[in-house]
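Asks: below is the sequence, then the predicted model.
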Amino acid sequence: MPLNRSNLLVALVLLTMVVGCVFRSDRGSVSRPEPAETPDASASPAAAAPTPLKRADVGDFIVEQQDLSVARFQRLDNQVKTEKMLEKAADKLNQALILPHTILIRTRSCAEQNAFYDPKDRSVTICFEMMERFLGVFKASGETEERAYERMFDSMRFVFLHEIGHALIDAYDLPVAGNEEDAADRLAAYVNLTELGEDGVKAVYAAADAFNLEAKQTVPSKRKFADEHLLNEQRFYTSLCMIYGSDASKHARIVDAGYLPKERAVRCRNEYQRTVESWRSLLEPWRKR
Ligand SMILES: [Zn+2]
């Protein structure tokens, strides 16, 4: 299992860094079009059936191409564009999901180490600065240059789907009976572990490693405790719990090697299934297949 040890360099690099995404809290100010097709109890006896009606598909995930504005991100920009990472992600999402409006996805320099969903223009942005930071984290933990790139892009698959989680909660006006940041993490784990095969497993492992490396170097503070994101330690253990819960025998080493305490591990199968069932149920009216 690719779990890494941190070192002093990581501490220096990460001391002032903050994990997670900006989610601007003005969701409620965005006007949303009503779904074109809504169950109507007075119109059809089918409305009483347990299967919700499918909604009208009037939007797509669209990649917004941007010219590179900061020269040091040339390699990252090239790799994202030549491998068509965003286009491939958009294709998969568009094949799977009905949308009530367009959602833009983009990579760009943002002058901050972050990734975020912005409800104002309904866009998901992954900043090159965040990729650069995760590259630094994996390099400082002892990975080779090439391996660090690979693991950074793996972890970005988790980060991207976390932001897609915020975008879908906004687009579908989904109920969130809990912490939205945790709900977005769980959507990322759910999609990776159920839809993306071994690439998805690698993505959740890479995110767990990044949370773990940051957790070891972060001094607890009021600001961290008060933040809407869960603590890095919690995100690390929950990510491991999702992997372990998805297939306990395949991922037994997570527990056998002591990464995940047994007291949590015994609950992970149910926790994983509850996560999968919850997100499946929420997305069912919006699935194309
Ligand atoms: Zn978030």
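Replies: That came through, no problem.

Asks: low-confidence ranges, the stretch 51-200 of the chain, go.
Replies: 51-52 (pLDDT under 70).

Asks: show me where this structure has helices.
Replies: Along the chain, counting by DSSP state H, helices occupy 8-14, 74-82, 85-96, 128-140, 145-171, 180-195, 197-217, 222-226, 232-246, 253-256, 262-283.

Asks: would you reformat those helices as TSV and include mean neighbour count?
Replies: Where you see a C-beta, it was placed from the backbone N, CA and C, and this is true even at glycine. Output for the helices of the chain, formatted as TSV (neighbours: other CB atoms under 10 Å):
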stretch	mean neighbour count
helix 8-14	16
helix 74-82	15
helix 85-96	16
helix 128-140	22
helix 145-171	22
helix 180-195	22
helix 197-217	22
helix 222-226	9
helix 232-246	23
helix 253-256	16
helix 262-283	15
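
Asks: need these in TSV (columns: distance to residue 65).
Replies: TSV is the format used below for the helices of the chain (distance: least, CB to CB, whole Å):
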stretch	distance to residue 65
helix 8-14	31
helix 74-82	8
helix 85-96	9
helix 128-140	14
helix 145-171	16
helix 180-195	24
helix 197-217	24
helix 222-226	36
helix 232-246	31
helix 253-256	39
helix 262-283	28
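
Asks: can I get those in CSV with distance to the ion?
Replies: As requested, those are arranged in CSV below (distance: least, CB to the ion, whole Å):
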stretch, distance to the ion
helix 8-14, 19
helix 74-82, 21
helix 85-96, 17
helix 128-140, 12
helix 145-171, 5
helix 180-195, 5
helix 197-217, 12
helix 222-226, 15
helix 232-246, 11
helix 253-256, 24
helix 262-283, 15
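
Asks: which of these sits closest to residue 109?
Replies: Of all the helices of the chain, helix 128-140 sits nearest to residue 109, with 5.0 Å by CB to CB.

Asks: got the angle between that closest one and helix 197-217?
Replies: Helix 128-140 and helix 197-217 are oriented at 80 degrees to each other (axes from the mean of the first three to the mean of the last three CA atoms, to 10 degrees).

Asks: many thanks, we can stop here.
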